[in-house]
Structures are given as C-alpha cells and as structure tokens.
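Trainee: I'd like to go over a predicted model; first the sequence, then the structure.
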Amino acid sequence: MIKDFDANSIYEKIKKKNTRYVEKIHCPLVIDRFHSKGTVSSFCVEIFISDSTFYSWVNKYPMFAECYRLGHMIAKENWEEEGRIGKDEDFFNLDYWKVVGSSRFGVGRTNRIRVDMGADSSPYDQYKHLITQASMGEYTAAEIKQLMESINVGIRVYESFKLQDEVDKMKSDLLKMKKNDGNSIIAIEGIKKAN
C-alpha cells in the first residue's frame with residue numbers, strides 16, 4: 001500500500017503538469033528506485049508520472065536512458081543475489097522469487113510483451129522503437145524475432161495501401177483525361193484561361 005495516499009493531490013499535480021524532466025534529480029532517483037524497489041512503477045509513483053512519460057524520457061534523454069539501463073541491471077543483480085543467498089534458507093519462497101524474475105526481468109517469460117510505441121506510428125518508426133527497447137534488454141530473442149516478423153507484415157500492408165492510393169489517383173486522372181478527349185485537364189484549363 002502507498003503511504004499517505006491522497007488521490008486529490010495526485011490529480012492536482014498531474015493537472016498542473018509540474019513534473020518536468022530534470023537530469024540532476026531524475027537520473028540519480030531512477031538508479032536509487034531500481035536499487036531499492038526494482039521497478040519502473042516505483043519511480044513513476046514517486047514523481048507522479050505515467051509509464052508512457054517514463055519511456056518517452058528514456059527515448060528523449062540519453063543520460064536518463066543510460067541511468068535507467070544501469071538501474072535495471074542493479075535491480076536484476078539484487079534479484080539474483082537474493083536467490084543466491086536465499087536458496088538454502090527454509091523461509092525462502094522460490095516460486096515468488098521466480099515470478100519476480102519473470103515479471104521484472106523477463107526470466108523464463110513466454111507470454112506478455114510491453115511495446116513502447118504508438119498505434120499510429122509508421123512501421124519504420126516501429127522498427128526503431130523495437131530496436132531501442134531490445135537494446136535495453138526488454139525482449140528475449142524469440143520475442144524480438146516475432147515482433148520483427150509482425151512489423152514486416154505491417155510494412156507490406158502499409159506499402160500496399162500507399163501503392164493503392166497512387167493507383168486510385170492515377171485512375172481518377174485517367175477518367176478526367178477521358179472526359180477531355182484524352183487530353184490532360186491541366187493543359188486544357190491553361191488554354192481556356194489564355195483565351
């Protein structure tokens with residue numbers, strides 16, 4: 001449970017949009033949050049931003065992206081150390097430890113994938129986003145392969161629609177020319193204006 005939770009004050013902070021990226025504040029904080037709690041959500045809740053704002057900062061500010069990657073590695077190392085120390089203890093909950101590793105670090109993950117891109121972005125932009133996320137270690141090799149194959153299909157569909165638009169425009173131009181006895185309508189309009 002979040003201590004001192006006040007939905008109205010959170011709403012007011014979001015409404016005022018008073019949380020802007022400040023490198024000297026947010027870079028050390030992201031490393032600290034990953035060291036202590038190990039999650040993006042712990043960072044976001046602390047400064048009242050959404051995960052989409054977080055990932056836009058990762059994409060926009062190279063220093064923040066580097067601190068996020070380092071924080072993520074620190075969190076994973078802490079998790080692994082917890083497993084090394086706890087494996088021989090009676091109280092250690094191995095199942096819970098595995099779930100944490102799966103959800104936070106993709107260890108043994110086979111299902112859900114978080115993709116950081118807009119639905120209206122072009123397939124070329126989607127490739128760029130995937131490569132960025134893959135470089136941060138957010139996907140397994142199988143996941144990145146599936147996502148790239150999906151985008152390849154998307155590119156073909158995208159290019160087909162673009163080509164169909166051009167074909168439709170050419171058909172429209174041909175119909176206009178046919179109405180003007182095979183002459184270009186632009187030339188005919190130019191002659192009419194000259195007369």
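Mentor: It's in.
Trainee: pull the longest helix from the chain.
Mentor: Longest helix of the chain, by residue count under DSSP state H: helix 141-179.
Trainee: which segments of the chain make up each domain?
Mentor: Domain ranges of the chain: 1-112, 119-195, per automatic domain parsing.
Trainee: which stretch in those domains has the least confidence?
Mentor: Mean pLDDT values for the domains of the chain show the minimum at domain 119-195, a mean of 75.
Trainee: how far does it sit from the chain's center?
Mentor: Chain-centre distance of domain 119-195: 23 Å, with Cα atoms, centre = their mean, to the nearest Å.
Trainee: quick check: buried residues in the helix or strand residue 33 falls within?
Mentor: Using DSSP states H and E, the element containing residue 33 is helix 23-36. Using 16 or more other Cβ atoms under 10 Å as the test for burial, helix 23-36 gives 26-27, 29-34. In short, each C-beta sits where N, CA and C put it, glycine included.
Trainee: cool, and stretch 126-145?
Mentor: For stretch 126-145, a neighbour-count test (16+ other Cβ under 10 Å) marks 126-127, 129-130, 132-134, 138-140, 143-144 as buried.
Trainee: ends of it, how far apart?
Mentor: With Cα to Cα, to the nearest Å as the measure, the first residue of stretch 126-145 is 14 Å from its last.
Trainee: picking up where we left off before, just the buried residues of stretch 126-145: which are in strands?
Mentor: Among those, DSSP state E puts none in strands.
Trainee: and which of those is nearest residue 44?
Mentor: residue 138 (16.2 Å; Cβ to Cβ).
Trainee: give me the element residue 88 is part of.
Mentor: Counting by DSSP H and E, residue 88 is part of no helix or strand.
Trainee: ugh, wrong one, I meant residue 78
Mentor: Per DSSP H and E, residue 78 falls inside helix 62-86.
Trainee: so which bits of that helix are buried?
Mentor: Residues of helix 62-86 classed as buried by neighbour count (16+ other Cβ under 10 Å): 64-65, 67-69, 71-72, 74-76, 79, 83.
Trainee: what's downstream of that helix, the next helix or strand?
Mentor: From helix 62-86, the next helix or strand downstream (DSSP H and E) is helix 94-105.
Trainee: hey, C-alpha coordinates of that next one in PDB?
Mentor: Coordinates of the C-alpha atoms in helix 94-105 are reproduced here as PDB (Å, rounded to 0.1, in the frame of the first residue of the first chain):
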ATOM      1  CA  LEU A  94      11.400 -19.800  -4.600                       C
ATOM      2  CA  ASP A  95       8.100 -19.500  -6.500                       C
ATOM      3  CA  TYR A  96       7.700 -15.900  -5.600                       C
ATOM      4  CA  TRP A  97      11.300 -15.200  -6.400                       C
ATOM      5  CA  LYS A  98      10.800 -16.800  -9.900                       C
ATOM      6  CA  VAL A  99       7.600 -14.700 -10.500                       C
ATOM      7  CA  VAL A 100       9.500 -11.500  -9.600                       C
ATOM      8  CA  GLY A 101      12.300 -12.500 -12.100                       C
ATOM      9  CA  SER A 102       9.800 -13.200 -14.800                       C
ATOM     10  CA  SER A 103       7.800 -10.100 -14.400                       C
ATOM     11  CA  ARG A 104      10.700  -7.600 -13.900                       C
ATOM     12  CA  PHE A 105      13.500  -9.100 -15.900                       C
END
